[in-house]
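Q: coords below, sequence missing:
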């Protein structure tokens, strides 16, 4: 079994990216279908996309720092290949969620 070439921060922030991307895609769907949330996001900052971006970055950073410190500072227990597959898969899933939502709106 190969030892990991990635440190705890890389693993933690990699998993954080995967979670944040899917959350962001779901947020697109929810805010586009929930007028109250869209209105709230527009009032928090100058534009709903600015608020969306701040939520994404905030989730990514907080989750990344927490996950980086897990497992006695070794980060999430995931193989290098597993992390790569998770990050790629989450981005494909996020894109599919958004594409399916807007295609259904046609």
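A: Great, that's in hand. Please read all numbers here as calculations on a predicted model, not as lab measurements.

Q: run through the helices of this structure in chain order.
A: 8-33, 35-44, 48-69, 80-104 (DSSP state H).

Q: measure the residue nearest the centre of the chain to residue 39 for me?
A: Compute the mean C-alpha point of the chain, and by C-alpha atoms, centre = their mean the closest residue is residue 20, 1.0 Å away. Distance of residue 20 to residue 39, given as C-beta to C-beta, to the nearest Å: 24 Å. In this view, the C-beta of every residue, glycine as well, is placed from N, C-alpha and C.

Q: quick revisit: so the residue nearest to the centre of the chain touches residue 58, yeah?
A: No. Residue 20 is beyond contact range of residue 58, at 9.3 Å (criterion: C-beta atoms under 8 Å).

Q: stretch 33-42 - what's its average pLDDT?
A: Mean per-residue pLDDT for stretch 33-42: 98.

Q: and for it, what are the contacting residues?
A: 30-32, 48, 51-52 (C-beta atoms under 8 Å, 6 or more residues apart in numbering).

Q: will you turn those into a markdown table that also has neighbour count?
A: Converted to a markdown table, those look like this (neighbours: other C-beta atoms under 10 Å):
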| residue | neighbour count |
| --- | --- |
| 30 | 12 |
| 31 | 20 |
| 32 | 15 |
| 48 | 19 |
| 51 | 20 |
| 52 | 17 |
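
Q: no further queries at this time; thank you.
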